[in-house]
Each structure stands twice: as C-alpha cells, then as structure tokens.
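In: Everything below, folded, please.
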Amino acid sequence: MTLEDRRDEEPDVYQPAEDSHLLAEAACDRLEGTEVVLEVGTGSGYVAEQIADETGARVVASDLNPHAVRQARTEGVEAVRADLVSPFRDGSFDAVAFNPPYLPTDPENEWDDWMEHALSGGEDGRAVIDPFLAHVGRVLAPDGVVYLLVSSLTGVDEVVEEAGEHGFSAVAVADEPFPFETLTVLELLR
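Out: Numbering: from 1, shown residues only. Presented below is the predicted three-dimensional model:
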C-alpha cells in the first residue's frame, strides 16, 4: 500500500507522510536486522511495517490511540495500546523509533480529538518529546539506540540538550527541508 493509499484510511489515525518516510528510511539504513525494535506512537503502523519488512528486525509498536492500534494490527504490525514506553520491561529493546507529535500549538487553538494528540506538541512542540526522553532509556538494552524525528519548529538544539540531560549523545542522521520547516532524525546513544 502506498503512502497516498494509507492517507485515505482511518480518519482518527495519523497516516504516513514525509516525516514517517524519513524516519523509516533512516532507521532502516542504520539497523542490522537482528534487533528488537519498539516504535512508539505508531499511528498507521507504517514505520514499524517498513522496519520489519526492510530489515527483518522484530518490531513491536505502540500508540495511545486505540484506532491507531487497530489499524496497525490490520497491517500485520504487532501493536499494543500504551502511553510512550510505560508498559514495557527494562532493557527490552535494542532500538526505539519515534515520530512524536511535534507541532507547536497555542493552547487556545487545540482541539480535543485523536488527531490533535497525534500532531500537537504543546506550546513549544516538546510536550511529548521531553517525557519520552526522560523514560526511554529504561527500556533500552545497554547498547540501545533511539531514532527520534524532530522539526526545526520544535527546536532541534533544545531536543539535543534535553536528550543530553538524560544521558544521551545525539547526532543527526537524516534531514529534509520543507518550505516552513526542516525535519531531522536524531540518533541518540548512551
């Protein structure tokens, strides 16, 4: 199924777009295929499916949105409903991929539905990224890696600084400019 076909799927689920493709491509380029991978915030399951299909890695996906979990499962993705990494055991994953809600959103303009949860990163765009960075280290294996997509609208330097406060070093492994933002995939290592 193409990116365009998937966009017509479930209206309450974030469907793959350029950011999804960039994250999937960066993770696939860097994974060996022997890893156990967690994709947080899977939405349609596109990134998890691409990683599994292209690398052979075992991929588990999670999303807070029950509609997303259902759609990902219909695509053959092993998906569970979860808030970030909360239900997973310590040291369970060799890699974690996350395309978080990163759009800075004025609280006055937020709406309360599943798409808002998939898109809105709060006032600074980091309302979900910061808690993720605080907790993701717990589920990583000792030599684990995180692939985190961020936007220039969110402040890449601020995300790198926050990652550093949680013991991660960060390097940009992919980026793509668009008219109003640049998307960057950060590789985070401890």
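In: what stretches of the protein score poorly on pLDDT?
Out: The chain contains residues with pLDDT under 70 at 1-11, 14, 102-123, 125.
In: My guess is residue 57 contacts residue 48. True?
Out: No: if you go by CB atoms under 8 Å, residue 57 and residue 48 don't touch, sitting 9.7 Å apart. C-betas here are computed from N, CA, C, even on glycine.
In: neighbour-wise, which of those two wins?
Out: Neighbours were tallied for residue 57 and for residue 48 using other CB atoms under 10 Å; the higher tally belongs to residue 48 (30 against 20).
In: how about that one, phi and psi?
Out: phi -60, psi -40 (degrees, to the nearest 10).
In: go on, residue 141?
Out: The phi/psi pair for residue 141 (degrees, to the nearest 10) is phi -70, psi 160.
In: Spit out the residues that contact residue 57 and residue 48 alike.
Out: Taking CB atoms under 8 Å, 6 or more residues apart in numbering as the contact rule, residue 57 and residue 48 both touch residue 37.
In: Not counting the helix ranked longest in the chain itself, show me its contacts.
Out: Determined from DSSP state H, the single longest helix within the chain is helix 18-30. For helix 18-30, contacts defined as CB under 8 Å, 6+ apart pick out 3, 37, 43-44, 46-47, 50-51, 54-55, 95, 97, 99, 145, 147, 149, 151, 173-176, 178, 183, 185, 187.
In: Quick check: bridge partners of the residue lying closest to residue 66 once chain neighbours are set aside?
Out: Spatially, and ignoring its direct neighbours in sequence, residue 66 is nearest to residue 81 (5.7 Å; CB to CB, 6 or more residues apart in numbering). Legend: beta-bridge partners of residue 81 under DSSP bridges are residue 63.
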